[in-house]
Every structure is written in C-alpha cells, then in structure tokens.
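Engineer: Take a look and give me a structure for this.
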Amino acid sequence: MALIKEVNGVTPKLGTNCFLAENATLVGDVNMGNDCSVWFNAVIRGDVNSISIGNKVNIQDGAVLHCTYQKTKVHIGNNVSIGHNAIVHGCTIHDNVLIGMGAIVMDNCVIESNSIIAAGAVLTENTRVPAGTIFAGVPAKKVKDIDSRLLEGEVNRIANNYLMYASWFTDNKRK
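Structural biologist: Here you go, the predicted structure:
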C-alpha cells in the first residue's frame with residue numbers, strides 16, 4: 001500500500017478509481033481527482049503548500065511534485081501525464097498536457113492547455129507555455145505548434161494508456 005502521510009493535521013484526499021503503487025508517497029495537502037494514477041517511487045509532497053490534481057492524471061515512476069513554502073502551490077488540470085522522473089515544482093499545468101520524462105518545471109511556470117514539454121526540458125522560473133505548443137531544451141523554448149494529430153497521438157494516447165495500465169493492477173476484468 002502507498003505511503004499516505006498526514007502533515008500538520010492534513011491528509012491527502014483521493015478521488016474515485018485511483019491507483020497508487022505500493023511505494024508511491026503522498027504527503028499532506030494533496031487533493032486528487034478521479035481516475036488518477038501515481039506510479040512506483042513517485043512522490044507528491046504537499047507538506048509546505050497545497051497540491052491539487054484534476055481528473056485522469058498520471059504521475060509516472062520517480063516523478064516528484066512539490067511546492068515552495070508560503071510562496072507557490074501546484075495546480076494540475078485534467079488529462080495530464082507527468083513522465084518518469086519529471087520534477088514539477090510550484091507551478092500550474094492546465095488540461096491536456098504531457099510533461100516528458102526527466103523534464104523540470106520550476107516555480108511560477110504556467111503551461112496552458114494542449115501543450116507538450118519535451119523529455120529533459122527545463123522550464124525556468126516564471127516561464128509561460130502558450131496553449132498548443134511544444135517546448136524543448138535547456139532552458140526550454142518553443143519549438144513548434146501542436147497539430148491535432150500530435151495532440152491525439154501523444155497527449156490523449158498516453159493519458160488513456162495509463163488508465164488501462166492502472167486497471168491491470170486494480171481490476172483483472174478490465175485487462
């Protein structure tokens with residue numbers, strides 16, 4: 001069973017149909033929507049500020065979500081995938097976003113809907129990612145606009161796959 005830890009009298013709250021890997025960690029002021037998954041060795045630390053997570057969000061293996069004390073919170077919309085070993089810190093991520101493997105999203109960044117942050121990208125503090133764009137590099141910059149095929153083929157495909165993967169661990173009838 002995942003480690004779900006109270007901090008200062010606040011315990012993480014989960015929606016329905018959520019999968020938490022046995023060694024996932026959720027701490028403090030975390031509010032998670034429905035149909036979410038938190039994978040192996042992922043850490044969601046709402047100990048110094050709040051973390052809100054929408055519906056159909058997957059937080060993949062080794063990812064870390066955290067905030068800055070008395071300064072920044074994490075807000076994540078719906079249908080978001082946060083890739084393996086990504087760091088999401090004190091930022092806002094709107095709906096239909098893919099954060100690539102190993103990406104770093106720093107304080108006060110805003111990632112608008114229908115966007116992709118490439119694997120290994122580093123969004124420095126206060127970066128704003130316009131809707132429908134791909135950002136890549138260190139520091140991350142816009143590389144192109146997203147077309148509908150890429151949005152469906154990557155952002156939606158990955159989010160839907162993670163719903164399926166979670167079902168393998170929670171309900172053998174849905175394999």
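Engineer: Gln70 and Ser50 touch, don't they?
Structural biologist: No - using C-beta atoms under 8 Å, Gln70 is not in contact with Ser50; the gap is 11.5 Å. (Glycine included, C-beta is placed from N, CA and C.)
Engineer: Can you pick out the residue with more neighbours from these two?
Structural biologist: Counted by other C-beta atoms under 10 Å, Gln70 and Ser50 do not tie: Ser50 has more neighbours, with 15 against 7.
Engineer: List the buried residues for the longest helix along the chain?
Structural biologist: Longest helix in the chain, counting residues (DSSP state H): helix 157-170. Of the residues in helix 157-170, 158-159, 162-163, 166-167 count as buried by neighbour count, 16 or more other C-beta atoms under 10 Å.
Engineer: Kindly export the helix or strand hosting Arg45 (C-alpha atoms) in PDB.
Structural biologist: Counting by DSSP states H and E, the element that carries Arg45 is strand 43-53. Provided in PDB are the C-alpha atoms of strand 43-53 (Å, rounded to 0.1, in the frame of the first residue of the first chain):
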ATOM      1  CA  VAL A  43       6.400  11.500  -4.500                       C
ATOM      2  CA  ILE A  44       3.700  14.100  -4.100                       C
ATOM      3  CA  ARG A  45       4.700  16.300  -1.200                       C
ATOM      4  CA  GLY A  46       2.000  18.700  -0.100                       C
ATOM      5  CA  ASP A  47       3.900  19.400   3.200                       C
ATOM      6  CA  VAL A  48       4.800  23.100   2.600                       C
ATOM      7  CA  ASN A  49       1.900  24.100   0.400                       C
ATOM      8  CA  SER A  50      -1.100  22.600  -1.400                       C
ATOM      9  CA  ILE A  51      -1.100  20.400  -4.500                       C
ATOM     10  CA  SER A  52      -4.300  20.000  -6.500                       C
ATOM     11  CA  ILE A  53      -4.600  17.400  -9.200                       C
END
